[in-house]
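Asker: model the following, please.
(chains A and B)
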Amino acid sequence: GNSVTQMEGPVTLSEEAFLTINCTYTATGYPSLFWYVQYPGEGLQLLLKATKADDKGSNKGFEATYRKETTSFHLEKGSVQVSDSAVYFCALSGMDSNYQLIWGAGTKLIIKP
Amino acid sequence: KAGVTQTPRYLIKTRGQQVTLSCSPISGHRSVSWYQQTPGQGLQFLFEYFSETQRNKGNFPGRFSGRQFSNSRSEMNVSTLELGDSALYLCASSLWGQGTEAFFGQGTRLTVV
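Answerer: Below is the predicted model of the structure:
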């Protein structure tokens, strides 16, 4: 069945460092891929998405490219800020799972000033 | 437009009691999904309702149930509460289903003592 694997956290970086959070998936066909972010004390919010191979989603300086050949959707940001501290979830939605969102375990990101 | 509203924000219940949580989706959204979030298990899907019908269901015991009203508002009920039901319960609304962008409420923090 469909599954999403994210790198374990917490990931601790200094402000202005480069960020990569790895996400790989298992699915047949061409699922849609998502990154959601959860700030402390809040619900999740969509950060970016990609719906077909080679698409790049971007928002708030974050980017992720849908790589069909490596079944990956890694999240990147060139220069992180303290305000980026949050938990990041990778997710997919595809026909196999009746378009139910399949979630990764989440990666906690801590940015130190 | 108003976001997803979950009530109450916090609840403390005793083992064996039952509880009802409420979710008001974004106006016009017909899909409402419920999730349980715990530090150990991460984000787990409970069920999805679309136009008053349950469309998807996760692997939770029958003590967890839900419904959706004609105005798309949704409730979930947990009967015979157990200590392990302590969690953050999140509701997400979307136009057509989880494969489209999901908007989350802030959640209801349930503590079972």
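Asker: ok, residue A:8 touching residue A:108?
Answerer: No. Between residue A:8 and residue A:108 there is no contact under CB atoms under 8 Å: 9.2 Å. The way it works is simple: take the backbone N, C-alpha and C, and place the C-beta from them, glycine included.
Asker: give me the more crowded residue out of the two.
Answerer: residue A:108 (14 against 11; other CB atoms under 10 Å in any protein chain shown).
Asker: okay but the more buried one is in contact with residue A:12, surely?
Answerer: No. Look at residue A:108 against residue A:12 with CB under 8 Å: they stay out of range, at 9.1 Å.
Asker: identify the residues contacting residue A:73.
Answerer: By CB atoms under 8 Å, 6 or more residues apart in numbering or on different chains, the contact list for residue A:73 reads A:23, A:24, A:25, A:33, A:35, A:50, A:64, A:65, A:66, A:67, A:90.
Asker: hang on, I meant residue A:71
Answerer: By CB under 8 Å, 6+ apart, the contact set of residue A:71 is A:24, A:25, A:26, A:27.
Asker: show me which residues of stretch A:38-51 are buried.
Answerer: A:38, A:43, A:44, A:46, A:47, A:48, A:49, A:50 (16 or more other CB atoms under 10 Å in any protein chain shown).
Asker: get me the contact residues on chain A for chain B.
Answerer: Counting by CB under 8 Å from any CB of the partner chain, the positions of chain A adjacent to chain B are A:32, A:36, A:41-46, A:49, A:89, A:93-94, A:98-101, A:103, A:105-106.
Asker: among the residues you listed, which lie within strands?
Answerer: A:32, A:36, A:44, A:45, A:46, A:49, A:89, A:93, A:101, A:103 (DSSP state E).
Asker: could those residues go into TSV alongside pLDDT?
Answerer: Shown next, in TSV, are those (pLDDT from 0 to 100):
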residue	pLDDT
A:32	92
A:36	96
A:44	92
A:45	93
A:46	93
A:49	95
A:89	96
A:93	89
A:101	87
A:103	91
